[in-house]
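In: Structure, please.
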Amino acid sequence: MQRTLGIIGGSGLYDIAGLTGARWEQVETPWGAPSDALLTGHIGETRIVFLPRHGRGHVHSPSAIPYRANIDALKRLGVTDVVSISAVGSFRQALAPGHFVIVDQFIDRTFAREKSFFGTGCVAHVGFGHPTCTRLGDAVAAAGAAAGLTLHRGGTYLAMEGPQFSTHAESLLYKNWGCSVVGMTAMPEAKLAREAEMCYATVAMVTDYDSWHPDHDSVDVAAVIATLGANSAGGKALVGALPAALGPAGSCPCGCDRALDNAIMTAPDKRDPALLAKLDAVAGRIL
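Out: Alright, predicted model coming up:
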């Protein structure tokens, strides 16, 4: 089995340097156009596909990002493992601006987004108790260490709709829930990656302390942007170190690549041919 590493770049990360044979490719999907063209190339022997989540020039708001088209496009280009990089606010003193967090849980508070490839005519329920891939998280941790990043392993990501930042009351609520960081884009991305049977890991780049922190009031956009600049350089260094940290390709020990086994509930004779056609890349293995 050949591994292809997909990188989804968040705010401040719109391309990656150092790819051999790099070229931007337009990909059509049954779910519409992805956020942008996808940058393909190699780091060493590892094939890389990069997608800027907001599009180059940051044209898509968190609610308007075409999440289904993005994941479908990565799948069509053969991606097996997805590392998602996101800018976040922090709810913990120890997770300071400039630090990186390998998230392993999510609370989804978004409400204005399509969250599944499946629906009427082909209903599926995938397991999501452990929403990220431990094996891929191990590789990200090793790459982060090699890149010299201050990196924390484990944490809960609160996904909010946005685009406004949290109120003071919301920030205190999420902090009291035990959340680690807050962002606007990892959901439904992680859910869709699981439905598409791809290993998925989120790297959260901390830009600020959200609005709970006693030393400042509302999130200051200028301060966020200043931290983003430094964080994006760290994110690129992590991506450059990832191929060497990945182990040999093969079946995922976490079962990410078999998530659809037994997931589809709709009887074969009741399935909608039009929807099945749209699922050719995402669920083609079992349909």
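
In: what about residue 120, how many neighbours?
Out: By the other C-beta atoms under 10 Å criterion, the neighbourhood of residue 120 contains 8 residues. (Glycine included, C-beta is placed from N, CA and C.)

In: Spatially nearest residue to it (excluding sequence neighbours)?
Out: Nearest non-adjacent residue to residue 120, counting by C-beta to C-beta, 6 or more residues apart in numbering: residue 272, 7.1 Å away.

In: Kindly report the same for residue 121.
Out: With C-beta to C-beta, 6+ apart as the criterion, residue 121 has its nearest non-adjacent residue at 2.5 Å, and that residue is residue 272.

In: residue contacts, the residue nearest the centre of the chain?
Out: Centre of the chain computed as the mean C-alpha position; nearest residue by C-alpha atoms, centre = their mean is residue 84, 3.2 Å away. For residue 84, the contacting residues are 8, 10, 53, 186, 189-190, 193, 200-203, by C-beta atoms under 8 Å, 6 or more residues apart in numbering.

In: just checking, which of the residues you listed belong to strands?
Out: Taking DSSP state E, the ones among the contacts of residue 84 that sit in strands are 8, 200-203.

In: So which of those residues wins on neighbours?
Out: residue 202 (33 neighbours).

In: Give me the neighbour count for the closest residue to that residue other than its chain neighbours.
Out: Once flanking residues are discounted, residue 202 sits nearest to residue 103: 4.3 Å by C-beta to C-beta, 6+ apart. When neighbours are counted by other C-beta under 10 Å, residue 103 registers 26.

In: Could you tell me the phi and psi values at residue 103?
Out: Here the main-chain torsion angles of residue 103 (degrees, to the nearest 10) amount to phi -70, psi 140.

In: Let me know whether it touches residue 204 as I believe.
Out: Yes: with the criterion set as C-beta atoms under 8 Å, residue 103 and residue 204 qualify as a contacting pair; they are 5.3 Å apart.

In: Isn't residue 174 up against residue 167?
Out: No: contact status for residue 174 versus residue 167: not in contact, 10.5 Å apart, counting by C-beta under 8 Å.

In: Of those two, which one has the most company?
Out: When residue 174 and residue 167 are compared for neighbours, residue 174 comes out ahead with 23 against 11, by other C-beta under 10 Å.

In: so the more buried one sits in a helix?
Out: Yes: with the criterion set as DSSP: H, G, I helix; E, B strand; the rest coil, the secondary structure at residue 174 is a helix.

In: who's in contact with it?
Out: Neighbouring residues of residue 174 by C-beta under 8 Å, 6+ apart: 91, 107, 158, 166, 182, 210.

In: let's see 6 Å
Out: Residues in contact with residue 174, defined by C-beta atoms under 6 Å, 6 or more residues apart in numbering, are 158, 182.

In: about what we covered before: okay, and the beta partners of the residue nearest to the centre of the chain?
Out: Using DSSP bridges, the bridge partners assigned to residue 84 are residue 8, residue 202.

In: Report pLDDT for it.
Out: Predicted confidence (pLDDT) at residue 84: the value is 96.

In: ditto for residue 11
Out: On the pLDDT scale, residue 11 is placed at 79.

In: Near the closest residue to it other than its chain neighbours, how many residues? Count them for me, please.
Out: Taking C-beta to C-beta, 6+ apart, and ignoring the residues beside it in sequence, residue 11 has residue 87 as its nearest neighbour in space, at 4.3 Å. Residues contacting residue 87 under the criterion other C-beta under 10 Å number 24.
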